[in-house]
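Asks: Pasting the sequence and the predicted coordinates here, then a few questions.
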Amino acid sequence: MIAGLFACAYCFDLGIVITPASVLWMVLAMMALSSFIMLGPDNTVLPKRMGLFLMSLLMMILLGKDRRWIRPALMACLALLTVHAVATIVLNAMPSLYEQFVSPAIQGSSVTVIGPKAGITSHYSYNGQFMAIGLLISYVLFKMSPLRDGVKTDRIKFAAMALMFFASLLLTTKRTPLLICLFAVVLTEFLLAGRGKATTFCKVLAAAYFLSIVIIAFGDQIPMLSNVMERLSAFFTADSLEESTTGRTVLWERAIQLWNESPIFGSGWGTYRYYWANGYQGVSTAAHNVFLQLLAEVGVVGLLVFLIPSLHVLFGLAKSVFRLTRGHVEQYEFSDAALLFAFLFQIYFFVYCFVGAPLYDFESFPVYFVLSCGVWYATNGSQEMARAKTVTAPSGAHGNVQVKYHA
């Protein structure tokens, strides 16, 4: 993050940075920062969380000048996530290593100690988000293989990484990231299928049928599968919404209560608190629903300030991806794969916003702002990328010639 900020400041260009969308993002940053300054970290968020949040927003805005940073940033992110995936698999295979080395060093006596499924993070939810992000990146790169002109070794490498991240995600037992990622994989298959969507649909059904047989036949014998299926079964067979959401409804009710107290501007960024009865789980600072938490903390005004630019990015990415995948492209560029990942992560982010706190979590909001929103701004929203788009020039009797300028 520090290196990224240095690169942004080194080539800062005020004329490119200031756009209507960036103004709204900066307003959101100022709302968060003003609450932090006036109310203090004890009543809002930790300084390091606020610092990373502001840095992520700033990088998203400043990196909109060109797309040269996209490839190294995405590959560096994948490399770091691979470390977490390997650690998750190793620690689950050898739990004694976790108890002896990882738990005392990283989590200590925190109530968020969840065991080997947390990997080398402080909570299994955080680890689940890491595995989901790694799965989406590696799967997109496997499908589009934009490295070294689509050499088969690249496809094999990324396919192996996708399988590793999928196994690691199963080990975390996180239901929502797993279901969203499965949906993203199916969506990717359809987007890249071209005219063979009927064949792709049959392949997806066949894969689902085969996977169902494996789960039914061997689920009880494979802890990795049995733990996930147990949680999924509890989710789909729950008798009430509170049971299926593992107690999140009381958190939502608290957010609505705070919103009713100050519906226009909220009580301040990061001020949401829910104190569990008898000290159970301590204090929750997340409502596990981003939209309700925004209403509680920054009111209707703050929610609109977030939704307007974020939905603009979501629909812009959707339009770019659909336009890209409708064409008959034999070899994708890396920026194409980055666009598809950015779109899939938008879906992941917005769906998870209904049951989690991705806008507030260290593990997700930097990826959302930089590698999702930032990728779209860099490839579609800057002056340099406008010069990189294909333009049509007249060429006499021979019709039109497609001329492409590369930034």
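Replies: That came in fine, so what should we check first? As the structure is a prediction and not an experimental result, all values here were calculated from the model.
Asks: For Pro104, grab the count of nearby residues.
Replies: For Pro104, the neighbour count with other Cβ atoms under 10 Å is 12. C-betas here are computed from N, CA, C, even on glycine.
Asks: how about it, what does it touch?
Replies: With contacts defined as Cβ atoms under 8 Å, 6 or more residues apart in numbering, Pro104 has no neighbours.
Asks: Show me the shaky parts of the stretch 51-200 of the chain.
Replies: 107-113, 146-151, 194-200 (pLDDT under 70).
Asks: And Tyr275, its phi and psi?
Replies: phi -100, psi 120 (degrees, to the nearest 10).
Asks: What sits closest to it if chain neighbours are left out?
Replies: Val283 (5.5 Å; Cβ to Cβ, 6 or more residues apart in numbering).
Asks: Please tell me I have it right and that neighbour contacts Arg273.
Replies: Yes: judged on Cβ atoms under 8 Å, Val283 makes contact with Arg273 at a distance of 5.8 Å.
Asks: Among those two, which residue is more densely surrounded?
Replies: Arg273 (14 against 9).
Asks: ranges for the strands of this structure?
Replies: Per DSSP state E, the chain carries strands over the ranges 274-275, 283-284, 391-394, 400-403.
Asks: In terms of mean pLDDT, which of those strands ranks lowest?
Replies: When the strands of the chain are ranked by mean pLDDT, strand 400-403 comes last with a mean of 37.
Asks: so what's the residue nearest to Tyr275 up against?
Replies: Taking Cβ under 8 Å, 6+ apart, one finds 273-276 in contact with Val283.
Asks: For Leu292, state which of the residues you listed is nearest.
Replies: Tyr274 (11.7 Å; Cβ to Cβ).
Asks: how deep is that closest one tucked in, by neighbour count?
Replies: 20.
Asks: In contact with the residue nearest to the spatial centre of the chain, which residues?
Replies: Central residue of the chain (Cα atoms, centre = their mean): Phe345, 4.5 Å from the mean position. Residues near Phe345 by Cβ under 8 Å, 6+ apart: 133, 136, 367-368, 371-372.
Asks: quick one on the thing from earlier: how about the contacts of Val283, which pair is most distant?
Replies: Across these, no pair lies farther apart than Arg273 and Trp276, at 10.6 Å, counting by Cβ to Cβ.
Asks: okay, and the common contacts of the two?
Replies: 283-284.
Asks: Give me the neighbour count for the closest residue to Phe341 other than its chain neighbours.
Replies: Excluding the flanking residues, the one nearest Phe341 by Cβ to Cβ, 6+ apart is Val140, at 4.6 Å. Residues near Val140, counting by other Cβ under 10 Å, number 29.
Asks: Next: Asp42.
Replies: Asp42: 7 neighbours (other Cβ under 10 Å).
Asks: cool, the one 4 residues further on as well?
Replies: When counting by other Cβ under 10 Å, one arrives at 14 neighbours for Leu46.
Asks: What score does it have for pLDDT?
Replies: Leu46 is given a pLDDT of 89.
Asks: what about it, distance to Thr188?
Replies: Using Cβ to Cβ, to the nearest Å, we find Leu46 at a distance of 36 Å from Thr188.
Asks: got it, and Glu99?
Replies: 38 Å.
Asks: ok, those two, which is more surrounded?
Replies: Thr188 (22 against 13).
Asks: Report whether the expected contact of the more buried one with Ser138 is present.
Replies: No: taking Cβ under 8 Å as the definition, Thr188 is not a contact partner of Ser138, at 11.8 Å.
Asks: Not counting sequence-adjacent ones, nearest residue to Phe166?
Replies: Leu135 (5.7 Å).
Asks: List the contacts of that neighbour.
Replies: By Cβ under 8 Å, 6+ apart, the contact set of Leu135 is 162, 165-166, 169, 181.
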